[in-house]
Every structure is written in structure tokens, then in C-alpha cells.
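Visitor: okay, sequence plus prediction incoming.
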Amino acid sequence: MQALRTTDPSKINFKEKFNLSDKVIVISGGCGLIGRAFSEAVAQFGGNVVVADIPAAHPQKTAEEIQNRNSVKCIGIELEVEKKSSVIALKEKVLHEFGKIDGLVTAHQNKSHLKFELFENVCEENWDKVIEVNLKGTFFLCQVIGSYMAEKGSGSIVNMPSTYSVVAPNQNLYEGTSLGCPAAYSAGKGGIDALSRYLASYWAKKGVRVNMITPHGVWNKHEDSFEKNFAKYSPMQRMSYNHEVAPALIYLLSDASGYGTGNNLWVDGGWTVW
Ligand SMILES: NC(=O)c1ccc[n+]([C@@H]2O[C@H](COP(=O)([O-])OP(=O)(O)OC[C@H]3O[C@@H](n4cnc5c(N)ncnc54)[C@H](O)[C@@H]3O)[C@@H](O)[C@H]2O)c1
């Protein structure tokens, strides 16, 4: 994006910088807890949304509901991120429908990481599934859609690592709960973090910005014992809500962050500051 060459801020419409009107934003995992807040927020800022998710999540239904509430075009496309052919089909369908893609948000994840297995017992199949969906899926989306963006000379990608790609899970958090965080989740998320930085540098000259959002502890009707433990270890003493994560996406997708690439925007209530 070419920025206006001026030192006079009165020449700038700052609100307009956040406007996503006419942009086409693809959101993988668009039916998920955070993905649906992302999809809604993008639509409210005027962006056309492609809700991409597995068939069982019914992305067409989510897309229809978002379109009915907002005056933008919104479509749902079935996607399995770990299959390159599915990601290529997604790109083709979006280009056929809209003629372009301006933004890519990778908000999918494999849920099996929530079922905690002791590290000593993790089987290869479970390790592979988490890495395949979380890390390889992000790679395929960046490769297929990011390469298209690089070729056209513009685009904004937002990937999602985790606090657990930089700090270890505090094992006390899970005491007295049925939850946990297996190593494959941390390892895959660390890969997403590194991949995003790599691509931020790799595509900077091509006009493709690659940034990250790191949420933490987004409330999804968690069991009481987990919520209590969480409050004890969090500087802000509470879990977050999906609607508190989504505004960060508008900043990263829009011209408001036009000079930002390789950033990781933390929405973690201070979890990683101490
Ligand atoms: N929720 C949190 O507290 C939190 C914290 C840190 C990072 N994150 C990350 O943020 C992102 C969104 O998290 P969330 O809480 O909304 O997750 P979620 O589990 O609610 O949603 C994930 C979505 O991905 C979809 N999905 C699963 N497998 C897929 C596949 N093979 N192909 C395409 N889509 C698939 C699911 O159907 C679901 O709609 C994830 O990458 C997650 O790791 C979440």
C-alpha cells in the first residue's frame, strides 16, 4: 500500500483507515468461537466475508446469518485446511465469486488438543493430527492464498499462534480440571509464529503484510474450577471474550496497520508479562 507522503495529519481521515468496505476477507475456522467474532466484526466494518470451515460446522449457515445482519456479501465454503486440494478449491471459489482476495485470517484449530494426554503417552496419530491441521493447514493457506496476494502485489494475512508458543503452559492452571495443553499444540503454534515472521520478511517487498493475533483464555462456558484457576494466574484476573479479540483483527487487516508487518498483537490480559 502506498502511503500519502505528508507530515500534515489534518489531511488524513483516520477513521477511514479502519474501513474494510469492498475488501474480501477469507477466514478459516470462521464458525469457531473466535472465528465467528472475526467474521461478524469484519462484516460490521464493511468487509465481504468468506467463512471457511469443515462441513460439520455448517459454514454456509454462519455466512447467511452474518449477511442477513450486515449489508455485505458473505459466503460459506467447506474447507479442510490439511488438504492442499481443499485450500486450492477455496481460493478458486472465492476468486470466482468475488474476483479478488484482500485478507486471509487463519483461525482454525484442531480441538483434540483439549483432550489432554500425558506427554509420555502421546501417540503419533494425535501428534500428527494437531500438527497437520494447526501448522500444515496454516502453511497451505499462506502458500496458496498468500502467493496469489504476492502476485497481485497486495494483501494482509493474520495468523494465530498462542501464548503457549512463547511461554509454557502453567500446569497449575489445570489442577482439579479436565483440561490440559499437550505439547503438540505448543509445538505447532511455535511453528505458526516462526512461519509468520518468515513470511512477513519474505513478502514485505511484494506488498503482503503478515501479522499475528495471540488471544488467551477466551471464555467458552468453561468449567468453574478452570475459570477460578485462570483468574488466580492472570494479571487481569479473568478470562477474555471473543468480542475482545476481534477488534485487533480490524486493525491488522485494514490500512490502519499499513506500516506493520511481522507483528504479534497480544490480547492476553497480561498473561505473558510476568
Ligand atoms: N480460544 C482461546 O482461548 C485461544 C487462545 C490462543 C489461541 N487460540 C487460537 O485461536 C484460533 C481460534 O480459536 P477458537 O477458540 O475460535 O477455536 P475453535 O475450536 O472454537 O474454532 C476452530 C474452528 O476451526 C475449525 N476447524 C477444525 N478443523 C478444521 C479443519 N481441518 N479445516 C478447517 N477448519 C477446521 C472448527 O470447525 C472450528 O470452527 C485457533 O487457532 C486457536 O488455537 C485460541
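Guide: Everything's here; your move. Numbers count the residues shown, from 1 in each chain.

Visitor: tell me if the helix or strand hosting residue 226 is near the ligand.
Guide: Per DSSP states H and E, residue 226 falls inside helix 224-233. No - against the ligand, helix 224-233 shows no contacts by CB under 6 Å from any ligand atom, the least distance being 10.1 Å. C-betas here are computed from N, CA, C, even on glycine.

Visitor: tell me which residues are up against the next helix or strand after that helix.
Guide: Using DSSP H and E, the helix or strand that follows helix 224-233 in sequence is helix 242-253. The contact list for helix 242-253, computed with CB atoms under 8 Å, 6 or more residues apart in numbering, reads 18, 20, 23, 25, 33-34, 36-38, 40-42, 45, 47, 102-103, 105, 156, 158, 209, 211, 213, 215, 218, 256-257, 260, 263, 265, 267.

Visitor: and the next helix or strand past helix 242-253?
Guide: Per DSSP H and E, the helix or strand that comes after helix 242-253 is strand 264-267.

Visitor: so what does that next one touch, helix or strand wise?
Guide: strand 208-215, helix 242-253 (3 or more CB pairs under 8 Å, 6 or more residues apart in numbering; DSSP states H and E).

Visitor: for it, buried residues please.
Guide: 264-267 (16 or more other CB atoms under 10 Å).

Visitor: state the mean pLDDT of stretch 68-80.
Guide: The pLDDT scores in stretch 68-80 average 97.

Visitor: and the end-to-end length of it?
Guide: Stretch 68-80 has an end-to-end distance of 26 Å (criterion: CA to CA, to the nearest Å).

Visitor: now do stretch 64-76
Guide: 8 Å.

Visitor: close to the ligand, is it?
Guide: No - using CB under 6 Å from any ligand atom, stretch 64-76 never reaches the ligand; the gap is at least 11.4 Å.

Visitor: for residue 58, give me its contacts.
Guide: Residue 58 touches 31, 76, counting by CB under 8 Å, 6+ apart.

Visitor: picking up where we left off before, quick one: closest of the helices and strands packed on strand 264-267 to residue 137.
Guide: strand 208-215 (15.3 Å; CB to CB).

Visitor: contact partners of the closest one?
Guide: Contacts of strand 208-215 (CB under 8 Å, 6+ apart): 34, 142, 146, 149-150, 154-163, 165, 192-193, 196-197, 199-200, 203, 240, 245, 248-249, 252, 257-258, 260-268.

Visitor: what's the answer for stretch 73-92, then?
Guide: By CB under 8 Å, 6+ apart, stretch 73-92 touches 26, 28, 30, 39, 43, 48-55, 58-64, 66-67, 93-94, 97-98, 101, 106, 108, 132-133, 136-138, 140-141, 144-145, 148.

Visitor: how about the helices in this protein?
Guide: All helices of the chain, identified by DSSP state H, fall at 33-44, 59-69, 84-98, 124-130, 137-141, 147-152, 183-202, 224-233, 242-253.

Visitor: distance-wise, check residue 95 relative to residue 41.
Guide: As judged by CB to CB, to the nearest Å, residue 95 and residue 41 stand 24 Å apart.
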